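Enquirer: could you look at this predicted model? Sequence included:
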Amino acid sequence: MGNQDLDHALNPWMYNKSGDLTPQAQQQFPDLANTPAAITTGGSPTAPAGAGGQQLVVHPDALRTAGQNASELGNRMTADCQNPTGSDMFTAATAMNGWAIGAAITTAHQTWELQFLTLGGNLITVGQNLQDSANGYTSTENTNRGHMRALDN
């Protein structure tokens, strides 16, 4: 099953009867509507499966976009944890000072905040790794293209 077939199976609401993205899906996921040119390697893109090895298809621009989105979300998450205003949890815990529930609320809030910060940091790391991978694929492709041109001369 190809990536597109899997996507259709997992997200049938995104596609119309013709298999095209619905206008709502295009609006919500603009990256899917305009997939950039891929870097392909190994085997022939038109060869049937199993005929001549594996094929790797990389969309560096899609990797960059996904990386930027992940980093942006991670930055927003960590920034939200740094914003002490509007902390209803601490207000509730303070109001119940001396009660066991007050301490439980404080502990729960600290645990959630730590998890939120960890997830935000992980998203920032994943985002940077995706962008680095996209840059690596592009650089390697450009280097190989230059070597191939040199062989033609």
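Expert: Perfect, thanks for sending it.

Enquirer: and Ala93, how far is that from Ala66?
Expert: For Ala93, the distance to Ala66 equals 38 Å [C-beta to C-beta, to the nearest Å]. Yep, even glycine has a C-beta here, placed from its N, CA and C like the rest.

Enquirer: more neighbours, those two?
Expert: Neighbours of Ala93 and Ala66, each counted by other C-beta atoms under 10 Å, are more numerous for Ala93; the result is 21 against 18.

Enquirer: from what I can see that one touches Thr107, true?
Expert: No: taking contacts as C-beta atoms under 8 Å, Ala93 lies outside contact range of Thr107: 9.1 Å.

Enquirer: so which elements touch the helix or strand where Gln26 lies?
Expert: In this structure, Gln26 sits in helix 23-28 according to DSSP states H and E. Judged by 3 or more C-beta pairs under 8 Å, 6 or more residues apart in numbering; DSSP states H and E, helix 23-28 is in contact with helix 30-33.

Enquirer: residue boundaries of the helices in the protein?
Expert: 3-10, 23-28, 30-33, 60-82, 88-95, 100-152 (DSSP state H).

Enquirer: appreciated, that's everything.
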